[in-house]
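Enquirer: Need coordinates for the below:
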Amino acid sequence: MGYIEAIILGLVQGLAEFLPISSSGHLALLQDLFHVDAEKVLLFAVLLHLGTLVSVFIVYWKDIWELLVELVITIKDLCTGKGLRLEERPIRKLGIMIIVATIPTAVIGLLLNDFFEGLYTSMIAVGAGFLITGVIMFLAEKMSSANKGIEKMNFRNAIFIGLLQGVAIYPGISRSGSTLVGGLTTGLKREFAVKFAFLISIPSILGSVILELPDAIKAGTDPTLMGPIAAGVVVAAVSGLFAIKTMIKIVSNKKLSYFSYYVWILGACTIAYGVFWA
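Expert: Just a heads-up that it's a prediction; the model follows:
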């Protein structure tokens, strides 16, 4: 893997992680096209996830800081017997909803991780995931905007969104697209639905990194790859920042259907590639 391959992979990871086109599917396809041995660049894949995580922290640093401060206050309230008081403190309720949404995602990931990993080498499976993502985006485009913010959100909403995020571990199915559809289905207003989708990506990405890091360290990496790896991670962070801001505008302007046509075409081409050439 040279600089060009690393930069392309970083660019795709950053854009596809937050645009509803599936970063996992794109990376699986590109690694196959570039003949990149996934085992040998596992550390690179883990660091790419951390690169995209940086972009989330940059865009939502105020919300993240408020959530961390509120965590300390929550612990203090619980220790003094004041309770959670979720209806009185919206930022605390947001933090709890993020935790609740993360639980079903974690359960699905832990139980089915080996199964999903096995699909990454099947271009037919990846192509099918792209096709599903297209359907998800088409449905999201048709959903009318609701006016439900954190004040009216409940635990059932968070669990449902978390389940859809867990399903998106399947390569080719977009995590951001699935969680966005989950938010819109439960009646969240578009602006809040996209913010919640990105905020719950933080524990999801961190969880993925924690699971993969031991194997990545064990596998090691070629010292000559450190330059390309650094370049790819930086590109992933910068492109991720661009993708988040773009996604916010796209959701507000109701133009998600454009992504449906893209992933449908890509899905069909990927399946054809898997059948005839891979």
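Enquirer: hey, let's count contacts and neighbours off CA atoms from now on
Expert: OK.
Enquirer: Look up phi and psi at Leu19.
Expert: The phi/psi pair for Leu19 (degrees, to the nearest 10) reads phi -80, psi 150.
Enquirer: What pLDDT does the model give it?
Expert: You'll see Leu19 listed with a pLDDT of 88.
Enquirer: give me the number of residues near it?
Expert: 25 (other CA atoms under 10 Å).
Enquirer: separation between it and Leu43?
Expert: 23 Å (CA to CA, to the nearest Å).
Enquirer: Kindly report the same for Thr52.
Expert: 15 Å.
Enquirer: neighbour-wise, which of these two wins?
Expert: Thr52 (30 against 22).
Enquirer: show me the contacts for the more buried one.
Expert: Thr52 is in contact with Gln13, Gly14, Glu17, Ala236, Ala237, Gly240, Leu241, counting by CA atoms under 8 Å, 6 or more residues apart in numbering.
Enquirer: 10 Å - rerun?
Expert: Applying CA atoms under 10 Å, 6 or more residues apart in numbering, we find Thr52 in contact with 10, 13-18, 202, 205, 233-241, 243-244.
Enquirer: Quick check: helices, which of these are part of them?
Expert: 10, 13-18, 202, 205, 233-241, 243-244 (DSSP state H).
Enquirer: Can you tell me the element Glu117 falls in?
Expert: Using DSSP states H and E, the element containing Glu117 is helix 90-119.
Enquirer: tell me the mean pLDDT over that helix?
Expert: The predicted model assigns helix 90-119 a mean pLDDT of 90.
Enquirer: going forward can the numbers begin at 14, since that is how I track them
Expert: Yep, numbering from 14; the last one is helix 103-132 now.
Enquirer: what's the average pLDDT for the helix or strand just after it?
Expert: Going down the chain from helix 103-132, the next helix or strand is helix 136-155, by DSSP H and E. Helix 136-155 shows a mean pLDDT of 89 in the predicted model.
Enquirer: got the angle for helix 136-155 vs helix 103-132?
Expert: Computed by axes from the mean of the first three to the mean of the last three CA atoms, to 10 degrees, the angle separating helix 136-155 from helix 103-132 equals 150 degrees.
Enquirer: What is helix 136-155 packed up against?
Expert: helix 36-46, helix 103-132, helix 188-198, helix 239-266, helix 270-289 (3 or more CA pairs under 10 Å, 6 or more residues apart in numbering; DSSP states H and E).
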